[in-house]
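**Student:** coords below, sequence missing:
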């Protein structure tokens with residue numbers, strides 16, 4: 001039987017092993033490609049609740065990472081504002097930037113009754129006040145480390161009636177678990193017919209350390225109007 005030369009045989013074996021090794025190295029970069037992406041979300045007003053495919057993911061401004069690549073439905077919610085929805089595509093290793101402006105929902109109408117003196121001229125109209133708004137943590141503060149937590153109340157006052165309201169006040173009441181835990185009087189000053197006033201008021205409120213933004217709601221009640 002003829003003998004196979006040793007050197008060519010060993011060379012052939014080495015070439016086969018190198019080919020297998022190099023083939024494995026060529027596939028490694030594909031396995032290292034991330035299968036997730038990220039999204040950065042800004043909103044006006046800030047503090048809106050973020051829901052991705054119906055799952056709560058915090059409040060704006062928000063940066064969410066580790067999201068499996070694919071198509072998603074993004075929804076933003078805030079007290080006093082219409083819900084904002086949009087599809088969003090998360091790409092592998094990519095960052096999606098979302099900026100949204102929420103539309104204000106007119107607040108609860110407050111009927112006002114006056115008894116002016118009867119004269120020969122036509123009676124004047126009445127103011128019609130709507131108030132809505134939201135709460136947020138002041139920049140640089142957190143609601144998780146102390147009992148009395150500072151909060152910033154942003155309120156919008158609208159007079160859609162046909163008479164001026166000289167002095168308008170309202171009670172901004174904060175509720176946790178269906179129970180009122182603190183309140184603050186908000187002053188709007190004069191609201192002319194067809195006018196709009198924006199005001200910001202600070203309040204200190206006792207909050208639990210594990211509070212989620214969705215658990216604390218604000219209502220504007222006990223509205224007082226003079227003219």
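**Tutor:** Perfect, thanks for sending it. Bear in mind the structure is a predicted one, so any value in this text is a computation, not a measurement.
**Student:** quick one: the strand or helix carrying residue 152 to chain centroid distance?
**Tutor:** For residue 152, the host element (DSSP states H and E) is strand 148-159. Here strand 148-159 shows a centroid-to-chain-centroid distance of 16 Å under the convention CA atoms, centre = their mean, to the nearest Å.
**Student:** by contact count, what packs against that strand?
**Tutor:** In terms of contacts (3 or more CB pairs under 8 Å, 6 or more residues apart in numbering; DSSP states H and E), strand 148-159 is packed against strand 129-136, strand 165-176, strand 179-191, strand 196-206. C-beta here means a position set from N, CA and C on the backbone, and glycine is covered the same way.
**Student:** report the angle between the second one and strand 129-136.
**Tutor:** What separates the directions of strand 165-176 and strand 129-136 is an angle of 40 degrees, with axes from the mean of the first three to the mean of the last three CA atoms, to 10 degrees.
**Student:** let me know the pLDDT of the spatially closest residue to residue 80 that is not a sequence neighbour.
**Tutor:** Of all residues not flanking residue 80 in the chain, residue 132 sits nearest, at 3.5 Å (CB to CB, 6 or more residues apart in numbering). What the model reports for residue 132 is a pLDDT of 90.
**Student:** from residue 34, how far off is residue 132?
**Tutor:** Distance, residue 132 to residue 34, using CB to CB, to the nearest Å: 42 Å.
**Student:** how about the nearest residue to residue 213, chain neighbours excluded?
**Tutor:** Nearest residue to residue 213, sequence neighbours excluded (CB to CB, 6+ apart): residue 59, at 4.8 Å.
**Student:** please tell me I have it right and that neighbour contacts residue 49.
**Tutor:** Yes. Using CB atoms under 8 Å, residue 59 is in contact with residue 49, at 5.7 Å.
**Student:** spit out the residues that contact these two alike.
**Tutor:** With contacts taken as CB atoms under 8 Å, 6 or more residues apart in numbering, residue 59 and residue 49 have residue 213 as neighbours in common.
**Student:** so what's residue 95 up against?
**Tutor:** With contact set as CB under 8 Å, 6+ apart, residue 95 has these partners: 37-40.
**Student:** one more time with 6 Å, if that's ok
**Tutor:** residue 38 (CB atoms under 6 Å, 6 or more residues apart in numbering).
**Student:** so what's it bridging to?
**Tutor:** As for beta bridges, residue 95 partners with residue 38 under DSSP bridges.
**Student:** can you confirm residue 214 is in a strand?
**Tutor:** No. Per DSSP: H, G, I helix; E, B strand; the rest coil, residue 214 lies outside any strand segment and is helix.
**Student:** for residue 48, give its distance to residue 74.
**Tutor:** Residue 48 is 11 Å from residue 74, by CB to CB.
**Student:** who's more crowded, those two?
**Tutor:** residue 48 (27 against 20; other CB atoms under 10 Å).
**Student:** near the residue nearest to residue 80, how many other residues are there?
**Tutor:** 20.
**Student:** and what of residue 41?
**Tutor:** Other residues lying near residue 41 total 23 when counted by other CB under 10 Å.
**Student:** quick check: it touching residue 60?
**Tutor:** Yes. Contact criterion CB atoms under 6 Å: residue 41 and residue 60 qualify, at 5.4 Å.
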